[in-house]
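>>> okay, here's the prediction I keep looking at, along with the sequence it came from:
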Amino acid sequence: MEFFRIKRDIPFMKHALILNAVSFLTFIAAVFFLVTKGLHFSIEFTGGTVVEVQYAQAADINRTRQIVEQMGFGEIQVTNFGTARDVMIRLPIKPGVKQDQVAGQVFSALCKADQGQVVAHKEVTPQGESVERQACAVGAAEPLKMTRSELVGPSVGAELAHDAAMALGFTVIGIMLYLAFRFEWKFAVAGIIANLHDVVIILGFFAYFQWEFSLAVLAAILAVLGYSVNESVVIFDRIREAFRKYRKLNTHEIIDHAITSTISRTIITHGSTQMMVLSMLLFGGPTLHYFAVALTIGILFGIYSSVFVAAAIAMWLGVKREDLVKAGPAKQGDPDDPNAGAVV
């Protein structure tokens, strides 16, 4: 489906050198901020305390967050899970505070806000084990109870960071193999450089502004990798088709035609996706905020890198018709056949 069609090819590759110089400077700036400032990791990577509480009624997330923030733990995460009554609170490590006491302090503050008193109950788990759980008693009612508390140690965080790096690495390798198998190794190199360009710039934004880097942000980065390579594949596929169809055009003219012919599709696809991501950014609350921020940055730079980074690098690597179109037996009437039109 196309909303419009541009009849005259736009000379994108004419300005490829300038635009790639801008990309290179942006990339260097992102690497500089990553090295000098580093990422502000969430407690999934640095360790901390996880507290799960359950309200008798639907939980007011904003009120719960305000109560815990007043305790001075720094960057915290308060999210719903399971049902609207269940709340998960993640707290970073606080110097001078014993981590095994943090859960009790947080629950006491939440209970005090409801004018209640903390009491202990013994419950039997489905496995037959007897455990002690804390509840908040207000008269005969219990509007709040703590269902679980867990300490996430630094070693667990380091393991998650290692697994995250492995996931990113395997994704990159898989994308390169796919592009090399479907197209040609020059496209594989160009595509992976463009994708890593997007990833590093996203990380650079998070390093510069010291936004919290969590598992949700990592998921957004992996999504951006797939999203960006999809755009590159569409352009690469159109380049291959153009090489077969327009034999008198040179390489940069072929690339200009391929990019121009996909502009309508790009606007529809990326515009629709960006509308959805912006809705998460504006109305998703703190839980989805940085996830949506990472996707927004990735989508915008993904369009840019697919057009001005991947296509340009493929051109500079010397991609040509012979790389993508296998020569076959010449047919009568073929303009490339030296004997075309000969009469015997």
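Arrived safely, thanks for sending.
>>> contact partners for R65?
Applying C-beta atoms under 8 Å, 6 or more residues apart in numbering to R65 gives the contacts I76, V78, P286. Using the backbone N, CA and C atoms, a C-beta is placed for each residue, glycine as well.
>>> ok, now how distant is it from S261?
49 Å (C-beta to C-beta, to the nearest Å).
>>> all strands of the stretch 151-300 of the chain, in order?
212-213 (DSSP state E, counting those that start in this stretch).
>>> point out where the stretch 51-200 of the chain drops to low pLDDT.
Scanning the stretch 51-200 of the chain for pLDDT under 70 picks out 99-100, 124-131, 153-157.
>>> still on that earlier bit, from the contacts of R65, which is closest to K14?
P286 (44.6 Å; C-beta to C-beta).
>>> burial count for the closest one?
14 (other C-beta atoms under 10 Å).
>>> got the domain boundaries for the protein?
12-40+155-324, 48-152 (automatic domain parsing).
>>> so which bits of the longest helix that the chain contains are buried?
Longest helix in the chain by number of residues, with DSSP state H as the criterion: helix 215-245. For helix 215-245, the neighbour count (16 or more other C-beta atoms under 10 Å) marks 216-218, 220-221, 224-225, 227-229, 231-243 as buried.
>>> which elements pack onto that helix?
In this structure, helix 215-245 makes packing contacts with helix 154-182, helix 185-209, helix 251-261, helix 263-283, helix 285-304, helix 311-316, helix 321-324, judged by 3 or more C-beta pairs under 8 Å, 6 or more residues apart in numbering; DSSP states H and E.
>>> give me the contacts around the third one.
What that stands for is helix 251-261. So helix 251-261 is contacted by 6, 8-14, 235, 238-239, 241-243, 246, 249, 307, 311, 314-315, 319-320 (C-beta under 8 Å, 6+ apart).
>>> send the alpha carbons of it over as PDB?
Only the C-alpha atoms of helix 251-261 are listed here, as PDB (Å, rounded to 0.1, in the frame of the first residue of the first chain):
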ATOM      1  CA  THR A 251      25.300   1.600  -8.400                       C
ATOM      2  CA  HIS A 252      24.500   4.900  -6.600                       C
ATOM      3  CA  GLU A 253      21.600   5.500  -9.000                       C
ATOM      4  CA  ILE A 254      20.300   2.100  -8.200                       C
ATOM      5  CA  ILE A 255      20.500   2.800  -4.500                       C
ATOM      6  CA  ASP A 256      18.800   6.200  -4.900                       C
ATOM      7  CA  HIS A 257      16.000   4.500  -6.800                       C
ATOM      8  CA  ALA A 258      15.600   1.700  -4.200                       C
ATOM      9  CA  ILE A 259      15.400   4.200  -1.300                       C
ATOM     10  CA  THR A 260      13.000   6.500  -3.100                       C
ATOM     11  CA  SER A 261      10.700   3.700  -4.000                       C
END
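>>> how about stretch 245-261: buried residues?
Applying 16+ other C-beta under 10 Å to stretch 245-261 flags L249, T251, H252, I254, I255, D256, H257, A258, I259, T260, S261 as buried.
>>> so how far is that stretch off the chain centroid?
32 Å (C-alpha atoms, centre = their mean, to the nearest Å).
>>> out of the helices and strands packed on helix 215-245, which is closest to I43?
helix 154-182 (7.4 Å).
>>> element containing P95?
P95 is part of no helix or strand when elements are defined by DSSP states H and E.
>>> distance-wise, check it relative to L39.
P95 is 20 Å from L39, by C-beta to C-beta.
>>> just checking: what are the partner strands of the host helix or strand of M88?
M88 belongs to strand 83-92 when assigned by DSSP H and E. Next to strand 83-92 in the sheet, as set by DSSP bridges, lie strand 48-55 (antiparallel), strand 77-81 (antiparallel).
>>> pretty sure G48 sits against V152.
Yes. Counting by C-beta atoms under 8 Å, G48 touches V152, with 5.4 Å between them.
>>> who has more neighbours out of those two?
For G48 versus V152, the count of surrounding residues by other C-beta under 10 Å is larger for G48: 27 against 21.
>>> show me what contacts the residue nearest to that one when sequence neighbours are not counted?
Closest residue in space to G48, ignoring its immediate chain neighbours: P92 at 4.5 Å, by C-beta to C-beta, 6 or more residues apart in numbering. Counting by C-beta under 8 Å, 6+ apart, P92 touches S42, I43, T46, G47, G48, F73, G74, E75, I76.
>>> and for T171?
Counted by C-beta under 8 Å, 6+ apart, T171 has contacts L222, L225, G226.
>>> give me the neighbour count for A158.
Using other C-beta under 10 Å: A158 sits among 13 other residues.
>>> please name the nearest non-neighbouring residue to it.
F45 is the one closest to A158 (C-beta to C-beta, 6+ apart), at 7.7 Å.
>>> quick one, what contacts L39?
L203, F206, A207, F213.
>>> what's the closest of those residues to M146?
F213 (28.1 Å).
>>> ok, the closest one touching E44?
No. Counting by C-beta under 8 Å, F213 stays clear of E44, with 9.3 Å between them.
>>> more crowded one of these two?
F213 (24 against 21).
>>> got JSON lines for the buried residues of stretch 245-261, with pLDDT too?
Below are these laid out as JSON lines (pLDDT from 0 to 100):
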{"residue": "L249", "pLDDT": "86"}
{"residue": "T251", "pLDDT": "87"}
{"residue": "H252", "pLDDT": "86"}
{"residue": "I254", "pLDDT": "90"}
{"residue": "I255", "pLDDT": "90"}
{"residue": "D256", "pLDDT": "90"}
{"residue": "H257", "pLDDT": "90"}
{"residue": "A258", "pLDDT": "90"}
{"residue": "I259", "pLDDT": "89"}
{"residue": "T260", "pLDDT": "89"}
{"residue": "S261", "pLDDT": "88"}
